[in-house]
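sharing a model that was predicted from the sequence below.
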Amino acid sequence: QVQLVESGGGLVQAGGSLRLSCAASGRTYSRYEMGWFRQAPGKEREFVCAINWSGSSTHYVDSVKGRFTISRDNAKNAVYLQMNSLKPEDTAVYYCATGPRPFPMTVYDYWGQGTQVTVSS
């Protein structure tokens, strides 16, 4: 069993920054990919970014490229999402998840409870 807990969400003005953290516990040694997803009100959950075990491979949705950076610290069993130049359309509940590979979303089998990010205009 793997437990994931997100933190770092909050309210920020457009153009601002936030750093989300995801702490993992449990049988994490068998987990390879860590991903961030988000779900805005009335919309489906969408992929944001993912990083492999070594950190050598990352993937981003086009809408966040150049603004968001995913990283991980395996010694701390943690993954981070640095979000810069935030826009109102980034407002959503952000979830971290883990799975055997980056795609598709259905391969992610452990999910956190989510953290709210609200960007005001």
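Arrived safely, thanks for sending. Numbers count the residues shown, from 1 in each chain.

and the gap between Ala24 and Met34?
According to C-beta to C-beta, to the nearest Å, Ala24 and Met34 sit 8 Å apart. For every residue, glycine as well, the C-beta is placed using N, CA and C.

and the two? Which one has more around it.
A count of neighbours by other C-beta atoms under 10 Å puts Met34 above the other of Ala24 and Met34, at 31 against 22.

which ones are touching the more buried one?
Residues in contact with Met34, defined by C-beta atoms under 8 Å, 6 or more residues apart in numbering, are Cys22, Ala24, Ala50, Ile51, Ile70, Arg72, Val79, Cys96, Ala97, Thr98.

who does the residue nearest the centre of the chain bridge with?
A centroid search over the chain (C-alpha atoms, centre = their mean) returns Trp36, at 2.3 Å, as the residue closest to the centre. Legend: beta-bridge partners of Trp36 under DSSP bridges are Cys49, Cys96.

surely Ser21 touches Gly8?
Yes: between Ser21 and Gly8 there is a contact at 5.0 Å, judged by C-beta atoms under 8 Å.

if we can go back for a sec, so what sits against both of Ala24 and Met34?
With contacts defined as C-beta under 8 Å, 6+ apart, the residues adjacent to both Ala24 and Met34 are Val79, Thr98.

check what contacts stretch 36-46 and list those residues.
Contacts to stretch 36-46, defined as C-beta under 8 Å, 6+ apart, come from residues 20, 22, 47-50, 61, 70, 79, 81, 89-97, 105, 108, 114, 117.

show me the contacts for the nearest residue to Asn84 once chain neighbours are set aside.
Counting by C-beta to C-beta, 6 or more residues apart in numbering, the nearest residue to Asn84 once its immediate chain neighbours are dropped is Ser17, at 4.7 Å. Contacts of Ser17 were listed using C-beta under 8 Å, 6+ apart, and they are Gln82, Met83, Asn84, Ser85, Leu86.

highest neighbour count among those?
The most crowded member of the contacts of Ser17 is Met83, carrying 25 neighbours; neighbours defined as other C-beta under 10 Å.

hmm, that residue is touching Val119, no?
No: applying C-beta under 8 Å as the test, Met83 and Val119 come out as separate, 9.1 Å apart.
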